[in-house]
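**Q** here is a sequence together with a model predicted from it:
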Amino acid sequence: MWIYGLVMRLILYVSKSSNVREHGGVPLDLFRIVRASHVMNRYYGIFGFLSYCKGYYLQAIEGDPDKVGNLFNNIEQDKRHSAIHTILDVAEDVAIFKDWRMRTAAEVNCNVDTMALLRKNFKEISRQGSKEKKILENFYDLNNVSSEIQPVAESIDFRKYEVGLLEWPNFTEIRPDYYVLELCAVLSTGFYSVSKLQNDERFNNYGQLHLILDQLYSFGLLTLRPNLAVDTHQASARISYPAGSYPADQ
């Protein structure tokens with residue numbers, strides 16, 4: 001039961017996707033939801049993340065208690081998913097995802113913000129039933145959540161380089177989501193410095209950006225060059241996706 005008068009409200013829930021049509025391993029609805037959320041959540045001051053795996057959504061929404069409550073009421077009526085189960089409904093002093101404005105979490109296990117949320121509320125999450133825990137294990141390792149927070153490994157400091165995409169990822173190896181598709185589409189047009197990428201609000205969280213770049217680099221999909229010249233690309237401009245890589249709204 002929610003107690004009013006507290007600063008921020010955060011709801012974390014899981015649900016089952018109703019959309020059987022997919023593109024690159026994710027439902028077409030995911031792209032539409034995230035794009036609409038970028039606009040609407042900015043207006044209402046809502047933050048959070050959305051992740052998808054094996055037919056299930058994991059989403060966190062946070063912000064003003066009344067606005068979060070109204071949004072969740074709408075979410076519960078949305079026909080694009082079913083079997084909605086609330087994992088957390090808690091108060092927060094400050095927004096954990098204040099830099100997100102509703103983004104997708106490519107790998108919940110690897111994201112600093114999402115893991116901080118899960119670890120902070122581990123006792124509450126551990127009280128979930130076996131069915132809910134099985135769904136949650138699609139998104140993260142319960143053993144990893146219960147351990148101490150470890151710093152993100154910085155094997156390569158991408159801030160020293162300009163990065164470009166050699167080839168489009170094989171999404172059987174890297175989990176596809178809106179963030180990864182956006183980043184790959186930008187990098188496929190040429191070399192970008194990390195500082196230039198971070199000027200774009202889609203990529204301004206360096207921890208998340210580093211993790212995705214590190215994944216792409218580990219699969220041999222990135223090319224690097226020393227960051228010596230001034231980058232003249234406009235990463236924040238609307239990009240054009242390679243043919244067949246991004247689903248058109250229908």
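**A** Thanks, I have it. Everything quoted here is computed from the prediction, not taken from an experiment. Numbers count the residues shown, from 1 in each chain.
**Q** buried residues in stretch 133-140?
**A** Neighbour-count burial for stretch 133-140, with 16 or more other Cβ atoms under 10 Å as criterion, is recorded at 135-136, 139-140. In short, each C-beta sits where N, CA and C put it, glycine included.
**Q** what's the longest helix in this protein?
**A** If you go by DSSP state H, the chain has its longest helix at helix 28-44.
**Q** re the thing from before, which single one of the buried residues of stretch 133-140 is nearest to residue 38?
**A** residue 139 (21.7 Å; Cβ to Cβ).
**Q** I'd say that closest one and residue 59 touch.
**A** No: look at residue 139 against residue 59 with Cβ atoms under 8 Å: they stay out of range, at 10.7 Å.
**Q** who touches both of the two?
**A** Taking Cβ atoms under 8 Å, 6 or more residues apart in numbering as the criterion, residue 139 and residue 59 both touch residue 51.
**Q** about what we covered before: switch the buried residues of stretch 133-140 over to JSON lines; also include pLDDT, secondary structure and distance to residue 98.
**A** What follows is these, written out as JSON lines (pLDDT from 0 to 100; DSSP: H, G, I helix; E, B strand; the rest coil; distance: Cβ to Cβ, whole Å):
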{"residue": "135", "pLDDT": "89", "secondary structure": "helix", "distance to residue 98": "27"}
{"residue": "136", "pLDDT": "87", "secondary structure": "helix", "distance to residue 98": "24"}
{"residue": "139", "pLDDT": "80", "secondary structure": "coil", "distance to residue 98": "22"}
{"residue": "140", "pLDDT": "78", "secondary structure": "coil", "distance to residue 98": "21"}
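**Q** for those residues, work out which two are farthest apart.
**A** 135 and 140 (11.0 Å).
**Q** what packs against the longest helix of the chain?
**A** strand 47-53, strand 103-104, helix 178-187 (3 or more Cβ pairs under 8 Å, 6 or more residues apart in numbering; DSSP states H and E).
**Q** repeat that for 10 Å
**A** Packing partners of helix 28-44 (3 or more Cβ pairs under 10 Å, 6 or more residues apart in numbering; DSSP states H and E): strand 22-23, strand 47-53, strand 56-63, helix 65-77, strand 103-104, helix 178-187.
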